[in-house]
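Student: sequence? don't have it. structure:
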């Protein structure tokens, strides 16, 4: 398999890198690479975060979270190491249930966890800041299926996974390569993490996420990164990985195991309550928020007990459900409000915050998908979310990664970059010179101020069609999803991999081969 | 033509009402009418407006607007009556150009224009408050074309117009019937206003807009309303009509003529700068805002000179353009930011504000249309816009009214109602009883708090599909626009007209016949 491997090759395992590559030589490849040039490694917001609750409301939710932590408690299941750490920290441990003196979790987090941190990428130009006024967009995560207009919906393979990583690499406003962008179901469940982490490191140089499905898989992820990043990581943070709560009010051994490995290695974790309100929490935003705050505080505090100062992100995945059918619903106003509330609560803790994305329950990249995605994305940016998983590609309640939606959503992310900057109030922004120099009543197209700001005046979608009906019809009357379909195929065909030292590549592959040989295949 | 007239009947003129109607009798009709029951006559926001500029930024834009008003001036073209009023008010009149002492326009508006007002509907339960914390959604306006998935894009007729009015009547979250929801191009241009105003009054009992294409057509609109509302209107406001500036910095005689008629009759006008930034204004948000503020202040102040206290709405239509092709673009971040800035400026003047909607440049009700619409609608509600024209149905940069998009957008408006309410911090909202009564780690589906809030817990789209992929496939794998297509045809088939006194109907028709007989047909 070479850099310019064909779309969705049936070969499920990464082949060794070839030292002599075909196709146009070094300069041609470098020219291609400029297509994946770093626009900006992350979005920097100057617009202040939007608040939907006042001080009293936020303080009340914090009070309620402390009541949950102290009176109802959080279960740390089948993980004695955590219970022992909590006992030492002064919590009350009843079987697997931990009850925390009021304020304990918050204090542990505030005294130890960094307010922001840098996650390093293989390409330093793509290092991301996580926290503060930075917003990092990461792709879809966790879908067993992939779908596209040509081939329809199907179980994802490692070839789909690699195609997705290549597309994510090629979309300028996806700052992060993500993790399980889809599940490579053709690789045994106990070995696929190796192929996934390798694929991110091989086909992209953006920052990535590690495996969380078992402690030893987390350890493998760290080890692969040590090879890729040139040896001992020291205190460098090169992985951000997703630790989901078993909401309500529980952490399970799998997630605790992975979190422990990452915290010990100073790698970042997203400590994420995972809530469909009505099922995993009460139905109201304020009730859900108190629970999510309690869960996140307990998980982040645990990481600090493992290693004080380990980077953690306060995560929240919260959506609503159809109370008629139990089906999850997305892009709803309740979910939008929850993003604002949780972001404010995270700011008050003083740690980076993860939420939002571009969610939808639609089965097709159609208008439903877009309405619901936009109604999630704009609150995400307005609320000042720092790490946005699922920022592109999510379809069908997360069950499927859509190649078309990956492109469509990726395009929308560009608009958010402008949005986050707010209104330019410089002298040029005020544009009084334009009024003074324009003849009364005349248009501004030829005005010096207009010409001077021509290039950067407005965000321009790379995918939307703004032409006349006649021109659009003449060009085939394509809908947005059809344009996206053409685009991702073109992007895959244009893809050129980032530089990767052949020795490092060989070392990673040797490690993967060794690890795979040590395990029997497990079927998921 | 009866209440249950077939879709898109070719008969372009409204026929007299029949006293004996067929089809199920009075009770069946009343049962049908309940389908168009008043959910809420308008949206009431409790969420505070989102601000994107601080005090200093807003004050700077106000300062710049005063500079424009005093040094550059606004043209009042071919309308000596306005120039005379400005002379008397202390402005400096140079030909048709009026220059205003700093603060004059603002002072006139603030001393005279109401901060909010009630626009009465034929059905008092549908009276709308315009201003303050109220948001009124009105439909698409001004499109020469209509389009639907069955018949494609075509010039609109009066039959299309009437179908649109019936659909708007049937969509609960459209609070207003609008005005020129599409242009009935099969009726002579000098007569179509009569058929349009009549159609709103006949096929709906929601509030409406009057004609603005000539002073005498505005007068006809008022006269038809006098009949429909049972005689002399006194000080009642029953029309809100759209007065567009000829931006930059001009008012033309047509618009001034209509505005004068309405102001004298105490009818409301939306005083709207109409700006595609780059052409009708400088390219920057702050530059556009200063110009729009200057234009709106001058137009609103003029109405106050005509009749102190005449209700006016500070309007802004502002979008961006492709600097490559000159094509208007919609749903862009710049346009979103402009809505927030202009809403804040209007609040500081102290008058109701019109902007936003659900805009798109797409030619099909696809994902592009939905992304762009959502990225306009959410800022519209967050900014606290009071009167939202184009809230549903807009396609193709406003050139076409899409029946499918009317339904799709109308569905989204329901979500905004929930959004505007913000977070419930009552005891029930905090839901602590749910945590206290739930067994640890168990889901909340059977919890008493969940059951008690079951019905109203979450906004539920009436159009989106949240079912499984399998169920969706089994049901025909319809996309959002296809579902909307089925829906509008069903709604037209279910439509039953609101009550209208036969004598009033006959009197309106007699007036229309008389007015039409006084004019030769003019072709637009």
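Tutor: All right, it came through fine. The structure presented is a predicted model; accordingly, all values stated were derived computationally and were not measured.
Student: how about the helices in the stretch 51-200 of chain A?
Tutor: With DSSP state H, counting those that start in this stretch as the definition, the stretch 51-200 of chain A shows helices at residue ranges A:55-67, A:80-89, A:104-112, A:158-170, A:192-203.
Student: Chain B is nearest to which of those helices?
Tutor: helix A:55-67 (4.9 Å; C-beta to the nearest C-beta). All C-beta atoms are positioned from the backbone trio N, CA, C, and that covers glycine.
Student: Run through the neighbouring helices and strands of that closest one.
Tutor: Here helix A:55-67 touches helix A:285-306, helix A:333-349, helix B:427-430, helix B:432-437, going by 3 or more C-beta pairs under 8 Å, 6 or more residues apart in numbering or on different chains; DSSP states H and E.
Student: immediately after the last one, which helix or strand?
Tutor: When you say that, I think you mean helix B:432-437. helix B:448-453 (DSSP states H and E).
Student: got the contact list for that following helix?
Tutor: A:278, A:282-284, A:287, B:428, B:431, B:433-434, B:437, B:444, B:457 (C-beta atoms under 8 Å, 6 or more residues apart in numbering or on different chains).
Student: can you list the helices and strands packed on helix A:55-67 in TSV and add mean pLDDT and distance to residue A:55?
Tutor: Formatted as TSV, those follow (pLDDT from 0 to 100; distance: least, C-beta to C-beta, whole Å):
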stretch	mean pLDDT	distance to residue A:55
helix A:285-306	98	15
helix A:333-349	97	10
helix B:427-430	97	16
helix B:432-437	96	20
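Student: Now tabulate these in a markdown table and tack on mean neighbour count.
Tutor: Shown next, in a markdown table, are these (neighbours: other C-beta atoms under 10 Å in any protein chain shown):
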| stretch | mean neighbour count |
| --- | --- |
| helix A:285-306 | 29 |
| helix A:333-349 | 25 |
| helix B:427-430 | 17 |
| helix B:432-437 | 18 |
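Student: Out of these, flag the one nearest residue A:386.
Tutor: helix A:333-349 (8.2 Å; C-beta to C-beta).
Student: residue contacts, the residue lying closest to residue A:271 once chain neighbours are set aside?
Tutor: With sequence-adjacent residues excluded and distances taken as C-beta to C-beta, 6 or more residues apart in numbering or on different chains, residue A:271 is closest to residue A:299, at 3.8 Å. Neighbour list for residue A:299: A:243, A:245, A:251, A:259, A:271, A:312 [criterion: C-beta under 8 Å, 6+ apart].
Student: Residue A:313 versus residue A:299, what's the distance?
Tutor: 10 Å (C-beta to C-beta, to the nearest Å).
Student: Give the residues shared as contacts by these two.
Tutor: Common contacts of residue A:299 and residue A:313 (C-beta under 8 Å, 6+ apart): residue A:271.
Student: nearest residue to residue A:432 other than its sequence neighbours?
Tutor: residue B:64 (5.8 Å).
Student: need the contact list for the residue nearest to residue A:209 when sequence neighbours are not counted.
Tutor: Excluding the flanking residues, the one nearest residue A:209 by C-beta to C-beta, 6+ apart is residue A:179, at 3.0 Å. Contact analysis of residue A:179 by C-beta under 8 Å, 6+ apart lists A:141, A:196, A:200, A:208-211, A:241-242.
Student: which one of those is nearest chain B?
Tutor: Taking those together and measuring to chain B by C-beta to the nearest C-beta, the closest member is residue A:141, at 18.7 Å.
Student: Contact partners for the closest one?
Tutor: Neighbouring residues of residue A:141 by C-beta under 8 Å, 6+ apart: A:178-181, A:209, A:242, A:389-390, A:398.
Student: Going by neighbour count, which of those comes out on top?
Tutor: Compared across the contacts of residue A:141, residue A:181 has the highest neighbour count, 32 neighbours, by other C-beta atoms under 10 Å in any protein chain shown.
Student: Might you report the residue contacts of the residue in the stretch 251-400 of chain A that chain B sits nearest to?
Tutor: Relative to chain B, the nearest point of the stretch 251-400 of chain A is residue A:287 (2.8 Å; C-beta to the nearest C-beta). Going by C-beta under 8 Å, 6+ apart, residue A:287 touches A:277, A:281, B:429-432, B:434-435, B:449.
Student: What is the nearest of these to residue A:407?
Tutor: Using C-beta to C-beta, residue A:277 comes nearest to residue A:407 of these, at 30.7 Å.
Student: beta partners of the closest one?
Tutor: Per DSSP bridges, the residues bridged to residue A:277 are residue A:281.
Student: Is it in contact with residue A:288, as I believe?
Tutor: Yes: Residue A:277 is within contact range of residue A:288, at 4.7 Å (criterion: C-beta atoms under 8 Å).
Student: any shared contact partners between these two?
Tutor: Contacts common to residue A:277 and residue A:288, judged by C-beta under 8 Å, 6+ apart, are A:318, A:338.
Student: ok so, going back, what's the farthest-apart pair in the contacts of residue A:179?
Tutor: A:200 and A:242 (13.9 Å).
Student: Please enumerate the shared neighbours of these two.
Tutor: Listed as contacting both residue A:200 and residue A:242 by C-beta under 8 Å, 6+ apart are A:179, A:209.
Student: Return the residues in contact with the residue nearest to residue A:201 when sequence neighbours are not counted.
Tutor: Spatial nearest neighbour of residue A:201, chain neighbours left out: residue A:228 (4.5 Å); criterion: C-beta to C-beta, 6+ apart. By C-beta under 8 Å, 6+ apart, the contact set of residue A:228 is A:122, A:201, A:504, A:508.
Student: one more time with 10 Å
Tutor: A:122, A:197-198, A:200-202, A:205, A:208, A:238, A:500-501, A:504-505, A:507-508 (C-beta atoms under 10 Å, 6 or more residues apart in numbering or on different chains).
Student: mind listing what the closest residue to chain B within the stretch 401-524 of chain A touches?
Tutor: Across the stretch 401-524 of chain A, the shortest distance to chain B (C-beta to the nearest C-beta) belongs to residue A:431, at 2.8 Å. Contacts for residue A:431 were tallied using C-beta under 10 Å, 6+ apart; they are A:424, A:444, A:447, A:449-450, A:452-453, B:64, B:277, B:281-291.
Student: quick revisit: the residue nearest to residue A:201 and chain B, how far apart?
Tutor: In this view, residue A:228 and chain B are 36 Å apart by C-beta to the nearest C-beta, to the nearest Å.
Student: which residues of chain A score low on pLDDT?
Tutor: A:1-36, A:524 (pLDDT under 70).
Student: In it, which residue is most central in space?
Tutor: residue A:389 (2.3 Å; C-alpha atoms, centre = their mean).
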